[in-house]
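Visitor: let me see the structure of the following:
(one chain, ligands or ions: 2)
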Amino acid sequence: MKFSVAGDSHGQAMYGLIEGLPAGFPVSIDEIDKNLKRRQRGYGRGKRMGLEHDRAIIKSGLWNDLTTGAPILIEIANLAPRSEKETRSIPRPGHADYAAWTKYRLSDLTIYAERSSARWTAALVSIGSIACQMLSKLGIEIVSSVIAIGKIHCPIPDSVCVVARDASPVYCHDKLASGEMVAEIEKAIDKGDTLGGIFAVSAYGLPSGIGGYGELFERLDSKIGRYFLAIPSVKGVFVGNPDVSLPGSQYHDPFAVSNGKVSRLSNNAGGVEGGISNGQPLVVVASVKPIPTLENGIDSVNLKSMNVEKTPYVRSDVTAVPAASVVGESMLGLLLLESILEKYGNDSFDLLKGRLENESLPCWNDGLGEKHHR
Ligand SMILES: Cc1cc2nc3c(=O)[nH]c(=O)nc-3n(C[C@H](O)[C@H](O)[C@H](O)COP(=O)(O)O)c2cc1C
Ligand SMILES: C=C(O[C@@H]1CC(C(=O)O)=C[C@@H](OP(=O)(O)O)[C@H]1O)C(=O)O
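Guide: Ligands and ions are numbered 1, 2, ... in the order given. Sure thing, here's the model as predicted:
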């Protein structure tokens, strides 16, 4: 399986391409549109989101909404117009403007705001939503939650390492909708400032044995780091409980036996040990830096005149942590589906489902063990 995105933030449209999906899976376009809407919402989004109405237009690859094994191309129209008159020479600290100018050397910073813009995450969510739909039919559910906005942290300290689904950190979304996090965002709006934060994404029902340690980059953790750090503004990724101040006796998850099966008493490892999924919920925690475009501006240099000037402001999100958490669900869905298809094959969805359902945990085999050790 492979995927990519294309499109300029203020061009005609954004595009998501996903290749190598198994045939025979019914895709719900409504479900894709629901996720596109979720990504657009979230307290702290700016005026641009009022102009866009993201909907998935399937350009190729489905037959009556069924996957066929063909590449799927999805288009999402951009409705906000490009301002042809605007040229910019004052780079925003924290955005790509300056670094991109040193690399590409075109003397108009608006050009760099097209491709570096996080607008492409809409395209990612459109294809990621297909991945999540497939995973769901395989018994794997992905949920995200906002753990922190600025200095306001979710009050459940172990919310990111829950084992039971009903203790899921989705709780924090309720808090975001109603409480202190909203107040924190409003304070930032009043000050013309912006905020970052932390989100978590968990996958429930993931089978053990995905990933590996034979080669460096086979490790599931290494893939998680690479994929999550591709999301604009995500600067840190943690697998499992980030509180590494705990001693080993409290951090590592004891084994136990429950109904004759191996079980765990906690999930601080976040579902991965030695680069391989261990059958526990997978938990990824990501830190998002504050948005670089501030209403009040930041000191910068006008590259045309070399005068120190404040950055200009047209519009911007104040925080994108809730949106990034929805993007994180798609990223995790894509990376897990990719790893699962690598292991189990991608010809037909029914074959894939059968293979996963028929797989059981190994029995201890003394004879084989002895042979191996000789
Ligand atoms: C969903 C989402 C929305 C964003 N919205 C804005 C925005 O409105 N204004 C802005 O300056 N940056 C925004 N950003 C952040 C920039 O895209 C990001 O800071 C920039 O591309 C530089 O990349 P870096 O932060 O990874 O260094 C957003 C990020 C995400 C994930
Ligand atoms: C368009 C989206 O996010 C945009 C990401 C973004 C940035 O610099 O990353 C800047 C803003 O766009 P504009 O400069 O046009 O106001 C955001 O609205 C989106 O998430 O769909």
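
Visitor: when you work out contacts or count neighbours from here on, use the C-alpha atoms and nothing else.
Guide: Fine.

Visitor: OK, contacts around the nearest residue to L109 once chain neighbours are set aside?
Guide: The shortest distance from L109 to any non-neighbouring residue, by Cα to Cα, 6 or more residues apart in numbering, is to R88 (5.1 Å). For R88, the contacting residues are 108-110, by Cα atoms under 8 Å, 6 or more residues apart in numbering.

Visitor: list just the nearest of the residues you listed to ligand 2.
Guide: The shortest gap between ligand 2 and any of those belongs to T110, at 9.3 Å (Cα to the nearest ligand atom).

Visitor: can you tell me how far the closest one is from A13?
Guide: According to Cα to Cα, to the nearest Å, T110 and A13 sit 17 Å apart.

Visitor: mind checking the SS state of S145?
Guide: Following DSSP: H, G, I helix; E, B strand; the rest coil, S145 is assigned to strand.

Visitor: what's the burial count for it?
Guide: Using other Cα atoms under 10 Å, S145 has 29 other residues around it.

Visitor: surely S126 is in a helix?
Guide: Yes. Counting by three-state DSSP, S126 is found in a helix.

Visitor: so what strands line up beside the strand or helix carrying I74?
Guide: Assigned by DSSP states H and E, I74 falls within strand 72-77. Here strand 72-77 is paired, per DSSP bridges, with strand 13-19 (antiparallel), strand 57-60 (antiparallel).

Visitor: neighbours of L62, how many?
Guide: L62 has 20 neighbouring residues, counting by other Cα under 10 Å.

Visitor: could I get the phi/psi values of the closest residue to it other than its chain neighbours?
Guide: Leaving aside its chain neighbours, L62 sits nearest to T68 (6.2 Å; criterion: Cα to Cα, 6+ apart). T68 adopts backbone torsions of phi -120, psi 0, taken as degrees, to the nearest 10.

Visitor: cool, and I276?
Guide: According to degrees, to the nearest 10, I276 has phi -120, psi 140.

Visitor: wait, doesn't it sit right on R219?
Guide: Yes. Counting by Cα atoms under 8 Å, I276 touches R219, with 6.5 Å between them.

Visitor: give me the common contacts of the two.
Guide: By Cα under 8 Å, 6+ apart, I276 and R219 have these common neighbours: 211-213.

Visitor: same list (the residues you listed) but as a markdown table, adding secondary structure and distance to ligand 2.
Guide: Converted to a markdown table, the shared contacts of I276 and R219 look like this (DSSP: H, G, I helix; E, B strand; the rest coil; distance: Cα to the nearest ligand atom, whole Å):
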| residue | secondary structure | distance to ligand 2 |
| --- | --- | --- |
| G211 | strand | 31 |
| G212 | coil | 34 |
| Y213 | coil | 35 |
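
Visitor: for the residues you listed, which entry has the maximal number of neighbours?
Guide: Using other Cα under 10 Å as the neighbour test, the shared contacts of I276 and R219 are led by G211, with 25 neighbours.

Visitor: is the longest helix anywhere in the chain positioned near ligand 2?
Guide: Longest helix of the chain, by residue count under DSSP state H: helix 321-344. No. Judged by Cα under 6 Å from any ligand atom, helix 321-344 and ligand 2 are separated, with a smallest distance of 7.5 Å.

Visitor: can you list contacts of the next helix-or-strand element following that helix?
Guide: As assigned by DSSP H and E, the chain's next helix or strand after helix 321-344 is helix 349-358. Here helix 349-358 makes contact (Cα under 8 Å, 6+ apart) with 22-25, 138, 341, 344-346.
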